[in-house]
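A.B. asks: okay, here's the prediction I keep looking at, along with the sequence it came from:
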Amino acid sequence: PGAASTFNAQASCLIGRKTQLFAYRSDAVSGRGMPAAFSDDRESYLIGLVVRGHRSYVEDKGSLSTSKEGQFFVFDNRGYSRVAWSDHDAIHISLPRAELERVVGGQIPSPDAMCRALETSRMAPALKSLMQVTAAQMAFANDAERTFMLNQVTQMAFFICENATADLYDHKGPAHSDLMAVALQLIEQDLANPN
């Protein structure tokens, strides 16, 4: 509370119909978050990258997840949570929760598990680079370029979440990109089954 009069944060953002990308610098802050249902906010899921500093996040009855410079962080606004971060720079994309649930095949992993899955994904460096390039270029881009960049980050984020969570649970759900493979696998498994 004593720092309220000196707190400073600056942000740039790309706002699309379903997703938003934010690049920001913020002074240290901590507090308790309310669920989207109580805060009149849309249900979203944030996937971000700490560029400088660190961020910590814990859901009520969950485990602490701390992300340092160069690491992913996540924030799920469905339930109560606590956040704390140092002076930091970060980039995050806000994804519609319902669409992310569809892509990962139902249940989104815990924030700590999701961070680990994203960090160990083979595509992690590509998403981190794309987020950083988009953040650096969005102020100089025209509307068509901004739309294209936001769409690219969104598609890559969904792609990595789909694959990272499949690796995490050692299964592959019938997400859009794998529908044909799953259908063929089921046909092959049951081809000899007379029932």
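C.D. replies: Perfect, I can see it now.
A.B. asks: give me the low-pLDDT residue ranges for this structure?
C.D. replies: Counting by pLDDT under 70, the chain has low-confidence residues at 1-4, 36-42, 167-186, 188.
A.B. asks: what about the strands in it?
C.D. replies: 9-15, 20-26, 29-33, 44-52, 54-59, 65-68, 72-76, 81-85, 88-96 (DSSP state E).
A.B. asks: these: which one's closest to T134?
C.D. replies: Ranking these by proximity to T134 (Cβ to Cβ) places strand 20-26 first, at 6.3 Å. Heads up, the C-betas are built off the backbone N, CA and C, glycines and all.
A.B. asks: direction included, what does the closest one pair against?
C.D. replies: Sheet pairing of strand 20-26 (DSSP bridges) gives strand 9-15 (antiparallel), strand 88-96 (antiparallel).
A.B. asks: can you put those in TSV and add mean neighbour count?
C.D. replies: Converted to TSV, the strands paired with strand 20-26 look like this (neighbours: other Cβ atoms under 10 Å):
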stretch	mean neighbour count
strand 9-15	12
strand 88-96	21
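A.B. asks: now the ones you listed in CSV, with distance to A117?
C.D. replies: Listed next are the strands paired with strand 20-26 as CSV, based on distance: least, Cβ to Cβ, whole Å:
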stretch, distance to A117
strand 9-15, 25
strand 88-96, 15
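A.B. asks: between these, which one is closest to E69.
C.D. replies: Closest approach to E69 among the strands paired with strand 20-26 is made by strand 88-96 (8.3 Å; Cβ to Cβ).
A.B. asks: just give me the residue closest to the centre of this structure.
C.D. replies: The C-alpha lying nearest the average C-alpha coordinate of the chain belongs to I47 (Cα atoms, centre = their mean; 2.0 Å).
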